[in-house]
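> return atomic coordinates for the entry below.
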Amino acid sequence: MKLLVPFLCCWVAVTASATTYYVSPNGSNTNGLSPTTAWTSLTNVNNFTFSAGDSILFKGSTTFSGYLEISQQDANNFNLPLYFGSFDQGIATILTPNTLNCGFKASNVQGVRLENLIFQGPGAQTVSNKDGILFYSNLASGYLKNIQLKNVNVSGFGFCGIRFYSEWSANVNSGYRNVLIDSCVVHDCRENGIVSFAYDDQNYATYQHYGFQIKKCRVYNITGYSANSHKGSGIVLSQIDSVLIERCEVFNNGALNTACGGPGGIWVYAANAVTIQHNESHHNKSGTGNGCDGLGFDLDGGTTNSLVQYNYSHDNDGAGYLLGNFPGARPWGNNVVRYNYSVNDARTNNSPVTLFTAPGTQWNGLRFHNNTVIVSNSPNNTFPSYSALQMTDYGTQMTGVECYNNIFLTQGLQMIDVPATFTNQNPAFIGNLYWAGGGATKFVYGNTYNSLNSFRNAGVNCEHIQNTNYGYEADPLFPNVFAPAPTLYPQVTEMLSSYAINNASPVMNAAVNMSALFGFGNGLKDYYGNTVPNGQAPEIGAEEGYFINTGLPGLFPSEKIRLVQNPVASTLRLHVDSKWLGSDYAILDVLGNELTKGMLQGEAEEIDVSEFSNGMYFILVKRQSYRLKFIKE
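Okay, here's the model as predicted:
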């Protein structure tokens, strides 16, 4: 399987002669060229035609009532973007109290930057088809380039928070290219959170949008509403090629949805070369009535050549990881899902990992390896296929399913559910660890098998290849494994410590060597950023116990020493219990190299890490055999 990783271009600041305009209630409402002569309303901005590179600054900590609109007559130069931001102290608010306008709308425009602004609508449950921020195109062809949104907060709109929309028409093949959405918050909107959309059908081979990066964003409380199709997703991108979504938190979306087929936390469809990594998606809802899904992450209809890695999904109504095709979608396949956690997903429907397809569609190629799936019982999920992983026979063709080196841990639920429809397509399960919390280990693979040994006789790739048995039926020895899943934000996903492996775990050095057995590598690093060895057996599951293998202690949660803040900028601050004072410590990089050392001397310990490069580090307290991870940014 060949994995194509998207090429995402660099963002280059271009400096040129341009004009800065000010908007302030304290201005004289004349030429707008200084805070003193500033325009006093948004009408002045909307009535003016701006040049390439101009800036429009709104007085911070001030609310401006109305809306902003620009067209292709305004600047429209991707090398010299038109800039909207705040000046003075605080962030300006654009309040749009009616349902007739978007907070900000740009029609057929490229080269736009929005930074340090708040867009507030009339209320999340106000019926409207207006977005907080809308970039709209109805051009016949071409890309509109260089759109950047940074530190923008959007809430209270009746449609989407941020939307990139090419008119739904086979005659509109234009779209947006090189889009950056960084450190933005979208919440309490009605339809969806962050969206790209354009015309599509099953025979389309091109994508209107290209090169999106969505980084360090939060999307929550996107409610949805009663409709014939699903409403209330967090981040949903479509008709798009080359995407990076990372370091986002998406949660509590879809509560008022009533339709099936969505909604979800982070998902894509009609998409190619997507990378989704280091995100936390949790407590997303299927809604009421006939609502279903409420998923964590999803590579949906017509997604190809994409990668989902290093994510944490938990407590979602639907699947943590949904992978499949809907009716009328483009071909789906050549996708990889690796080094992720799913904890207590599928609270009301489906299974934590759910594969599906639809009649008349093509589905070929999923490599699902080194993931950790933990699921406790939920009385609200009555699906007969409820298990750690299921394949859904809505359609009849799903080929190239490969599941290697995963941990499937349930509280008495069956491990996998593969209907007879797919058994002759030989979905592969090799090198996985299965544990039903001490109960019977049950597999459905056409027929029902009540042990790993009997499952090995179910098919050619069922933990058995030629004369060799694979797989384990054993307790991975996670501490308090069925305790409530922690929510990590604002900490980064690498701070997940509840499911750390230790020296006694049967997952240690027990994974199949995929390079030797199948001809492809294990991936560069695990969920925590530890190096994964290629050419030898790594651990089963999402964590590579690198420090355990080199004689250093594992990661065990403790209140004796805790991080006061994480990530850190220049000073690592620790709260240290008095019993630990006098302990030697060392700070190590991810390869185990010692960078500095000292002694814990106070209950409020401070360690200078200003000279460290950005990345992940470990503080090792030697006397107590204890370590903590932290991120330097």
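> in contact with the most centrally placed residue in the chain, which residues?
The centre of the chain sits closest to Asn279, judged by CA atoms, centre = their mean, with a distance of 3.9 Å. Shown in contact with Asn279 (CB atoms under 8 Å, 6 or more residues apart in numbering): Ile245, Glu246, Arg247, Cys248, Glu249, Val250, Ile266, Phe297, Asn311, Tyr312, Thr493. All C-beta atoms are positioned from the backbone trio N, CA, C, and that covers glycine.
> need phi/psi at Val308.
Per-residue torsions, Val308: phi -120, psi 120 (degrees, to the nearest 10).
> so it bridges to which residues?
Ile276, Val337 (DSSP bridges).
> tell me the spacing between it and Tyr386.
Val308 is 22 Å from Tyr386, where distance means CB to CB, to the nearest Å.
> the two - which one has more neighbours?
Val308 (28 against 20; other CB atoms under 10 Å).
> which residue is the nearest non-sequential neighbour of Gly123?
Gly156 (5.3 Å; CB to CB, 6 or more residues apart in numbering).
> which residues are in contact with the residue lying closest to Gln208 once chain neighbours are set aside?
The shortest distance from Gln208 to any non-neighbouring residue, by CB to CB, 6+ apart, is to Gly175 (3.1 Å). Taking CB under 8 Å, 6+ apart as the criterion, Gly175 is in contact with 137, 143-144, 164, 166, 196, 198, 207-210, 239-240.
> closest one of those residues to Gly60?
Set against Gly60, the nearest of the contacts of Gly175 by CB to CB is Phe164 (27.2 Å).
> just checking, the closest one touches Asn178?
No: between Phe164 and Asn178 there is no contact under CB atoms under 8 Å: 11.8 Å.
> so for the two, which sits in the more crowded spot?
Taking neighbours as other CB under 10 Å, Phe164 and Asn178 compare with Phe164 leading, 29 against 21.
> just give the nearest non-adjacent residue to the more buried one, would you?
Nearest residue to Phe164, sequence neighbours excluded (CB to CB, 6+ apart): Ser196, at 4.4 Å.
> does that neighbour belong to a helix, a strand or coil?
For Ser196, the assignment made with DSSP: H, G, I helix; E, B strand; the rest coil gives strand.
> beta-bridge partners for it, please?
Beta-bridge partners of Ser196, as defined by DSSP bridges: Phe164, Leu237.
> so what's it up against?
Going by CB under 8 Å, 6+ apart, Ser196 touches Arg163, Phe164, Tyr165, Gly175, Tyr176, His209, Phe212, Leu237, Ser238, Gln239, Ile240.
> measure it to Leu68 for me?
Look at Ser196 and Leu68: by CB to CB, they are 21 Å apart.
> stretch 19-32: which residues count as buried?
By neighbour count on 16 or more other CB atoms under 10 Å, the buried set for stretch 19-32 is Tyr21, Tyr22, Val23, Ser24, Gly27, Gly32.
> quick one: secondary structure of the second one?
Secondary structure of Tyr22, reduced to three states by three-state DSSP: strand.
> ok, and the closest non-adjacent residue to it?
Residue nearest to Tyr22 in three dimensions, not counting chain neighbours: Ala38, with 3.8 Å by CB to CB, 6+ apart.
> Thr357 now?
Here the residue nearest Thr357, using CB to CB, 6+ apart, is Gly395, at 3.7 Å.
> quick check: the one you found touching Trp332?
No: applying CB under 8 Å as the test, Gly395 and Trp332 come out as separate, 10.5 Å apart.
> need the residues touching each of those two.
Asn325, Thr357, Thr361, Trp363.
> so the third one lies in a strand, does it not?
So the one you mean is Thr361. No: going by three-state DSSP, the assignment for Thr361 is coil, not a strand.
> check it and give its pLDDT.
Thr361 carries a pLDDT score of 94 in this model.
> tell me how far the residue nearest to Thr357 lies from Pro419.
11 Å.
> between the two, who's got more neighbours?
More neighbours surround Gly395 than the other of Gly395 and Pro419, with 20 against 15 (other CB under 10 Å).
> for Ala259, see how far away the more buried one is.
20 Å.
> same question for Ser229.
As for Ser229, its distance to Ala259 is 5 Å (criterion: CB to CB).
> the two: who's more crowded?
With neighbours defined as other CB under 10 Å, Ser229 and Ala259 compare such that Ala259 has more, 22 against 11.
> how close does Ile91 sit to His209?
28 Å.
> now swap in Asp584 and tell me
In terms of CB to CB, Asp584 sits 53 Å off from His209.
> those two: who's more crowded?
His209 (28 against 13).
> what's the more buried one in contact with, if anything?
Counted by CB under 8 Å, 6+ apart, His209 has contacts Phe164, Ser166, Gly175, Tyr176, Arg177, Val179, Ser196, Ala198, Leu237, Gln239, Ile240, Asp241.
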